[in-house]
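Trainee: model the following, please.
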Amino acid sequence: MKKEPLESIFKELQGSFDTEEPRGGHRERFREKLEEQRHATRRLSPRRRTWWRPLGIAASFVLLCALGISLFRPAPTVQQQVADISPEISRTDFYFASLIEEQVRELQSESSPDTQQLIDDTLLQLGKLESNYKQLEQDLLHGGNSQLILSAMITNFQTRIDLLQDVMTKIDAIKNLKSKEHENYTT
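Mentor: Prediction:
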């Protein structure tokens, strides 16, 4: 497009400009239209605010509840974390723990002055095995070789059960020995 001087453009457009004056009352009509638009905006504005305000409050409430739940939710126990890693060990843990607990109660019911030292030593050894098991749980949670650790956990349970069975056998032997000695003295 060729550049024309500004004056030549105005000369070409001369006579096509709107040079008429607006009708009388033009300013008043313009002001009325502006006022109508302001009133229309004011009428719509409160509706929008009344709709957004409760929605904003509800969203804030939901956000605060979600934060509160996430912050104050109790941390999962070690057993729950282990169960998440290996559900099988959780079931095995429950089975062996109940079996061991039953055997410990039976062991404690056999308490007598002759067997008290043996029972105390056994309970001490069981405590050490239990603390060893807790350490294995921590190792499992911290990402150790899970197959090896799970095998060690099961071995720990089996060792506790074997210990309790051996002690019960020894207690039975002590009882039998005492009863045989008393039979020899009474005859």
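
Trainee: tell me the domain ranges of this structure?
Mentor: 29-73, 78-174 (automatic domain parsing).

Trainee: looking at these, which is buried most?
Mentor: Neighbour counts (mean count of other CB atoms under 10 Å) averaged over each of those peak at domain 78-174, with a mean of 14. In this view, the C-beta of every residue, glycine as well, is placed from N, C-alpha and C.

Trainee: now name the helix or strand holding His39.
Mentor: helix 26-72 (DSSP states H and E).

Trainee: relative to the whole chain's centre, how far out is that helix?
Mentor: Remark: helix 26-72 is offset 38 Å from the chain centroid, using CA atoms, centre = their mean, to the nearest Å.

Trainee: swap in stretch 127-134?
Mentor: 26 Å.

Trainee: quick one: mean pLDDT for it?
Mentor: What stretch 127-134 shows for mean pLDDT is 90.

Trainee: render the CA-only coordinates of that stretch in PDB, please.
Mentor: Extracted in PDB, the C-alpha atoms of stretch 127-134 (Å, rounded to 0.1, in the frame of the first residue of the first chain):
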ATOM      1  CA  GLY A 127      11.700 -60.800  75.900                       C
ATOM      2  CA  LYS A 128      15.000 -60.800  74.000                       C
ATOM      3  CA  LEU A 129      13.400 -62.600  71.100                       C
ATOM      4  CA  GLU A 130      10.500 -60.200  71.200                       C
ATOM      5  CA  SER A 131      12.800 -57.200  71.000                       C
ATOM      6  CA  ASN A 132      14.700 -58.900  68.200                       C
ATOM      7  CA  TYR A 133      11.400 -59.300  66.400                       C
ATOM      8  CA  LYS A 134      10.600 -55.600  66.800                       C
END
